[in-house]
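Q: After the sequence you'll find the predicted model.
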Amino acid sequence: MGGRFGARLEVWLRTSRRVGSTEPGSDARPRGMAVTGAPSQDGVPAQNPAYRLASLFLRPRNLGADDSALTTLVGFAAMNPDARTLWQAPSWGLAVLLACLGMLGPFSIDTYLPAFTGIASAIGATPVEMQQTLSAYLFGFAVMNLFHGALADSFGRRPVVLAGLAVFTLASVGCALSQHIGALVFFRAVQGMSAGAGIVVSRAVIRDMFPPADAQRVMSQVTIYFGVAPAVAPMVGGFLFIHAGWHAIFWMLTAVGILLFVANWKLLPETLHSTHKQPFNTGNLLRGYWSLASNPRFLMLALASGIPFNGMFLYVLSAPVFLGETLGLGPGKFFWFFVLTIAGIMSGAFLSGRMAGRVKATRQIRYGFVIMAAVGTANLVLNLLFVPEAWWALLPIALYAFGWAMMVPVVTLMVLDLVPERRGMASSLQAFVGSSANGLVAGVVAPLVMHSALALAATSLAMMSIGVVSWLWVKPHMRVAPIEPLARP
């Protein structure tokens with residue numbers, strides 16, 4: 001059911017959905033239609049019989065996800081029914097708050113990188129031992145990604161965020177006070193385990209609070225703000241290291257943790273409705289993990305969003321060799337690479353937000369993949385024909401980032417809507433798939449290809465191709481989210 005009829009049906013159902021709204025005392029009804037039933041004893045208005053009849057024909061098993069009108073209609077499923085009263089400020093305010101939570105992970109990774117050599121000299125660590133501080137962080141981050149969302153589905157979004165920030169702050173204090181490499185590795189692992197809570201839970205909060213089009217706009221805003229962290233973090237860390245020593249970097253992260261804790265304590269609402277909480281027991285958790293891990297649609301969507309990112313991340317990991325040796329840029333010119341890449345991410349996310357509610361979700365994803373495929377192919381051909389030069393070799397990476405950022409907010413929301421009752425767990429597993437792929441690329445793939453511009457281009461295109469294949473497989477199998485259950489009289 002699509003096209004004009006689907007759109008008209010959506011408008012009609014929105015105006016005749018119920019005799020009363022979900023708020024007690026409301027008598028909202030379609031123009032010209034009288035109240036057809038008395039309110040129930042508990043004050044919930046009677047349902048419009050026309051809506052009850054129409055809803056019988058709108059079952060998800062008969063609908064495809066690419067019907068935008070009906071996707072919007074049923075996209076309110078499992079939203080918090082009190083969402084409008086929980087956050088009454090502009091949506092960009094919530095986007096900023098959630099973006100700060102999401103930025104904490106990459107910010108705390110990149111901030112101390114300029115001080116690697118200085119820290120090693122100060123505490124008597126070898127380069128290999130210093131590398132373990134980064135590996136411990138990434139390992140803790142990936143492992144705990146499996147659990148943050150499940151905990152948030154049972155105990156609520158707010159407690160998990162606040163607990164994660166509290167642990168992160170204490171771990172930052174531990175890093176600042178570390179006098180030997182063993183302590184620093186331990187506290188960096190704890191930092192990684194706690195920093196992921198913000199990224200995982202913030203995605204679930206967005207979908208708790210907003211219907212699909214609005215959720216995509218907010219997710220795009222979060223992506224825009226999120227793109228600032230990798231650019232700002234090394235500059236902040238380098239400045240603190242030069243002027244105040246390496247301990248100041250972790251004291252600054254401690255201050256950031258305190259500020260975020262206070263801000264979320266004051267501002268972040270509990271967005272998980274009490275009726276949507278999952279029982280916290282081993283059997284229920286195992287069933288949830290198995291239902292997602294064995295769901296091909298979930299796995300393909302997670303691959304479609306996570307693997308193409310590595311086509312761009314590969315260049316970030318290889319930046320010292322690619323920029324310094326291959327392109328012959330001095331350290332003072334490295335910032336051009338990061339500025340262009342982040343500009344691509346922010347521009348693509350901005351365009352995704354502008355297209356929300358105006359362009360079909362599947363079409364947006366197609367546009368993103370077409371851009372990445374065209375740019376990736378052109379990048380490979382250029383590296384086959386010419387010796388790479390900085391004036392043209394950086395542009396394809398920025399355009400690739402643009403295409404990725406255009407489509408990833410949409411795919412992320414599709415992942416969350418596959419299992420609205422376990423939205424936190426879905427976000428956890430999606431983050432786990434992405435961070436595992438990132439770790440594999442960082443530890444195995446990048447060292448093998450970073451010394452060749454042609455190998456980098458070919459590997460980047462291969463990463464994008466995995467995402468395309470995953471999306472082409474899952475697209476025909478997508479279904480819309482289930483319709484919100486009818487109110488009981």
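A: That came in fine, so what should we check first? Numbering: from 1, shown residues only.

Q: For the nearest residue to V200 once chain neighbours are set aside, list the residues it contacts.
A: Distances taken as C-beta to C-beta, 6 or more residues apart in numbering put H148 closest to V200, at 4.2 Å, once the chain neighbours are dropped. The way it works is simple: take the backbone N, C-alpha and C, and place the C-beta from them, glycine included. Residues in contact with H148, defined by C-beta atoms under 8 Å, 6 or more residues apart in numbering, are 160, 164, 196-197, 200-201, 424, 428.

Q: Can you give the domain ranges for the protein?
A: 3-74, 89-280, 296-489 (automatic domain parsing).

Q: would a markdown table of the ones you listed with mean pLDDT and distance to N80 be doable?
A: Converted to a markdown table, the domains of the chain look like this (pLDDT from 0 to 100; distance: least, C-beta to C-beta, whole Å):
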| stretch | mean pLDDT | distance to N80 |
| --- | --- | --- |
| domain 3-74 | 38 | 11 |
| domain 89-280 | 87 | 5 |
| domain 296-489 | 86 | 11 |
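
Q: now those in a markdown table, with distance to A83?
A: As requested, the domains of the chain are exported to a markdown table (distance: least, C-beta to C-beta, whole Å):
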| stretch | distance to A83 |
| --- | --- |
| domain 3-74 | 11 |
| domain 89-280 | 5 |
| domain 296-489 | 13 |
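
Q: which one of those domains lies closest to L286?
A: The closest of the domains of the chain to L286 is domain 89-280. By C-beta to C-beta, the value is 10.3 Å.

Q: Now intersect the contacts of H148 with the strands, please.
A: Using DSSP state E, no member of these sits in strands.

Q: Tell me the buried residues within those.
A: The neighbour count (16 or more other C-beta atoms under 10 Å) marks 160, 164, 196-197, 200-201, 424, 428 as buried among those.

Q: Dump the residues you listed into TSV; add distance to L314 as well.
A: Formatted as TSV, these follow (distance: C-beta to C-beta, whole Å):
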residue	distance to L314
V160	32
G164	29
G196	22
A197	27
V200	24
V201	28
G424	30
S428	25
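
Q: Pick the one among the residues you listed closest to T126.
A: So of the buried ones among the contacts of H148, ranked by how close each gets to T126 (C-beta to C-beta), first place is G196, at 27.9 Å.

Q: wait, what's in contact with the closest one?
A: 105, 141, 144-145, 148, 164, 431, 435.

Q: Turn the residues you listed into a markdown table, columns for distance to I371 and secondary structure.
A: Listed next are the contacts of G196 as a markdown table, based on distance: C-beta to C-beta, whole Å; DSSP: H, G, I helix; E, B strand; the rest coil:
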| residue | distance to I371 | secondary structure |
| --- | --- | --- |
| G105 | 26 | helix |
| F141 | 29 | helix |
| M144 | 33 | helix |
| N145 | 28 | helix |
| H148 | 32 | helix |
| G164 | 35 | helix |
| A431 | 24 | helix |
| S435 | 25 | helix |
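
Q: what's the farthest-apart pair in those?
A: Maximum pairwise distance among these (C-beta to C-beta): 15.4 Å, between G164 and S435.

Q: Which residue is the nearest non-sequential neighbour of V160?
A: Once flanking residues are discounted, V160 sits nearest to A152: 4.4 Å by C-beta to C-beta, 6+ apart.

Q: Next, that neighbour: secondary structure please.
A: helix (DSSP: H, G, I helix; E, B strand; the rest coil).

Q: Number of residues surrounding G311?
A: Counted with other C-beta atoms under 10 Å, the neighbours of G311 add up to 29.

Q: Regarding it, which helix or strand does it belong to?
A: helix 296-317 (DSSP states H and E).

Q: In that helix, which residues are buried?
A: Applying 16+ other C-beta under 10 Å to helix 296-317 flags 297-317 as buried.

Q: Report all helices and strands that that helix contacts.
A: Helix 296-317 is packed against helix 335-355, helix 361-385, helix 395-418, helix 423-440, helix 446-449, helix 453-474, with contacts defined by 3 or more C-beta pairs under 8 Å, 6 or more residues apart in numbering; DSSP states H and E.

Q: Now do that helix: distance to the chain's middle.
A: 12 Å (C-alpha atoms, centre = their mean, to the nearest Å).
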